[in-house]
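Q: Need coordinates for the following:
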Amino acid sequence: MLTINKTLAYEDQPAITLLTMAVWGEARGQSYGAKLAVAHTIINRANKPCWWGRTLKQVLLKPYQFSIFNKDDVNYGKLLYADECKAWPACVDAVQKALVSREVDPTKGATHFFSGSRLPSWATSPKLKVTRRVGGFTFLAPSFR
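A: As a prediction, the model looks like this:
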């Protein structure tokens, strides 16, 4: 089972650990399908290098992209102990399956997502289209019109 090395700073954690931490932080209370979709969305970003980074680690640690890594996020301090949470094994499983493509990408290529019913301003861009809704998340992919 994947565990977090509590002696390392976030930026020094392996990419797979950071990805699992992000899925835990963003979707731990959601269904397995939502966890898998969040994992795929982050991987999709890394596979489409842009301003958000060129590697999985850069994408994950880009400031203000994934709230769990923002120092002012209410859950930031809990992150090093995520592997002690009962939701952690499902997050690990979702990440592992997404990384080795044993599960089809349920987001249809999404590179963005948001939760809740409040539409963020960035989500109204004509450059993005909604691809799927899973659990409490809406997933968006680049629109090439």
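Q: how far does stretch 104-122 sit from the chain's center?
A: On the basis of CA atoms, centre = their mean, to the nearest Å, stretch 104-122 sits 10 Å off its chain's mean C-alpha point.
Q: before we move on, what about stretch 21-37?
A: 8 Å.
Q: Is Thr41 part of a helix or strand, or is it coil?
A: Assigned with DSSP: H, G, I helix; E, B strand; the rest coil, Thr41 falls in the helix class.
Q: any idea how far it is from Lys35?
A: Going from Thr41 to Lys35 by CB to CB, to the nearest Å gives 11 Å. In this view, the C-beta of every residue, glycine as well, is placed from N, C-alpha and C.
Q: For Ala27, give me its contacts.
A: Ala34, Lys35, Val38, Cys91, Gly135, Phe137 (CB atoms under 8 Å, 6 or more residues apart in numbering).
Q: between Thr41 and Lys35, what contacts are shared?
A: Common neighbours of Thr41 and Lys35 (CB under 8 Å, 6+ apart) do not exist.
Q: where does the protein dip in pLDDT?
A: The chain contains residues with pLDDT under 70 at 145.
Q: quick one: the helices in it?
A: 15-27, 32-47, 56-61, 88-99 (DSSP state H).
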